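Chemist: coords below, sequence missing:
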């Protein structure tokens, strides 16, 4: 047992406490926190126990992370849970999800300045999308040596959305802007909802082939939901399957934080850059909403720009909470879901572009 192991065990306990006491993403932080405890029991000679010991049970479970298997399965479940109606009813809000991806590319540039390789910088930058599965998938493809700290950073910032985003939202908006009401979204027909995942997949896959795996599973899951003829499959994807994969992903990612491998200056830089990336992404969405208002007759509440990061549905809930503090009669949740789900698509496309440009084929 080293001081590093003890520090990591304390961090694991903090994750568990935050999940149980503060209700910060408990479905993620409880498995990750307990995984950290297991990962920092000191290694024992000639006994394959950890995720890094070939032949151990945890090694094979962790292969779902290192080989990029778990993230697409989670995207399948997300697709089966997601309603794209609000995005389809007001397509201009898609731009807010795109604007939030500025955090990805600015952090990519910052990581290069700090001495990371192009592949490592790309994997670090995607943390700004606040999408844990996407960050894990891209890191496993182009920078597997940084997979542990990138995964922990991405999921940590996803869990801290209610803490990180509100100060930025208040800083960049006025009280009058936060009180803007938006018209109810129009009704979207069943035909539109069925056609969308097919057309959207073809467009995204042709523009960014590297996004095909994640977005293919996302839109396939959504088609299972919207077709209404595959309810059994959709229910399995959004309930039992995504729960099982979330347990395995969170637990094994936590178990990969063995202090002897995890605690190093690179990990600290990754956490700092990840935080900056998330802040810039949130600010980018809010500021772009304000920019759009310069040209729109029907103004957008700029708070919903913060939901452009793909922490679904937590960012949309934060927008709703901040908006209702200013005006209890203002309901922004459904409007915020539009940039929120488009942010999922945007971060996957950004990851696909980075993989295509930087991948070690």
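Modeler: Cool, got the structure. What you see is a predicted model; the values in this text were computed from it and never measured.
Chemist: quick one, what contacts the spatially most central residue of the chain?
Modeler: Taking Cα atoms, centre = their mean, the centroid of the chain lies closest to residue 131, which sits 1.1 Å from it. Residues near residue 131 by Cβ atoms under 8 Å, 6 or more residues apart in numbering: 154, 158, 309-311, 343-344, 347-348. Bear in mind the C-beta positions are built from the backbone N, C-alpha and C, glycine included.
Chemist: what pLDDT does it get?
Modeler: Looking at residue 131, its pLDDT stands at 80.
Chemist: what about it? Give its phi and psi, please.
Modeler: Main-chain dihedrals, residue 131, degrees, to the nearest 10: phi -130, psi 100.
Chemist: would you mind measuring from it to residue 74?
Modeler: Here residue 131 is placed at a distance of 10 Å from residue 74 (Cβ to Cβ, to the nearest Å).
Chemist: repeat that for residue 278.
Modeler: The gap separating residue 278 from residue 74 is 19 Å, by Cβ to Cβ.
Chemist: neighbour count: those two, which is higher?
Modeler: Regarding residue 278 and residue 74, a neighbour count based on other Cβ atoms under 10 Å identifies residue 278 as having more, with 29 against 25.
Chemist: just the pLDDT for the residue of the chain most remote from its centre.
Modeler: In the chain, counting by Cα atoms, centre = their mean, residue 46 sits farthest out from the average C-alpha position, at 37.6 Å. If you check residue 46, the pLDDT there is 84.
Chemist: quick one: secondary structure of it?
Modeler: Counting by DSSP: H, G, I helix; E, B strand; the rest coil, the backbone at residue 46 sits in coil.
Chemist: could you say which helix or strand holds residue 78?
Modeler: Using DSSP states H and E, residue 78 maps to helix 70-81.
Chemist: give me the contact list for that helix.
Modeler: So helix 70-81 is in contact with 64, 133-134, 136-137, 197, 213-225, 233-235, 237-238, 241-242, 245-246, 248-249, 312, 344, 348, going by Cβ under 8 Å, 6+ apart.
Chemist: run through the neighbouring helices and strands of whatever helix or strand comes next after that helix.
Modeler: Next helix or strand after helix 70-81 toward the C-terminus (DSSP H and E): helix 85-89. Other helices and strands packing on helix 85-89, by 3 or more Cβ pairs under 8 Å, 6 or more residues apart in numbering; DSSP states H and E, are helix 190-207, helix 333-358.
Chemist: low-confidence stretches in this structure?
Modeler: Low-confidence segments of the chain, defined by pLDDT under 70: 360-361.
Chemist: scan it for its longest helix.
Modeler: In the chain, assigned by DSSP state H, the helix with the most residues is helix 265-293.
Chemist: counting by contacts, list what the helix or strand just after that one packs against.
Modeler: Sequence-wise, the next helix or strand downstream of helix 265-293 (DSSP H and E) is helix 314-326. Contacts defined by 3+ Cβ pairs under 8 Å, 6+ apart place helix 314-326 against helix 161-172, helix 175-178, helix 333-358.
Chemist: tell me the angle of the one helix or strand residue 111 maps to relative to helix 333-358?
Modeler: If you go by DSSP H and E, residue 111 is part of helix 102-113. Interaxial angle, helix 102-113 versus helix 333-358 (axes from the mean of the first three to the mean of the last three Cα atoms, to 10 degrees): 30 degrees.
Chemist: and for helix 102-113, what's in contact with it?
Modeler: 118, 120-122, 124-129, 269, 273-274, 276-282, 284, 309, 347, 350, 354.
Chemist: quick one on the thing from earlier: how about the helices and strands packed on helix 314-326 in JSON lines, adding distance to residue 303 and mean neighbour count?
Modeler: Converted to JSON lines, the helices and strands packed on helix 314-326 look like this (distance: least, Cβ to Cβ, whole Å; neighbours: other Cβ atoms under 10 Å):
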{"stretch": "helix 161-172", "distance to residue 303": "6", "mean neighbour count": "18"}
{"stretch": "helix 175-178", "distance to residue 303": "6", "mean neighbour count": "14"}
{"stretch": "helix 333-358", "distance to residue 303": "8", "mean neighbour count": "25"}
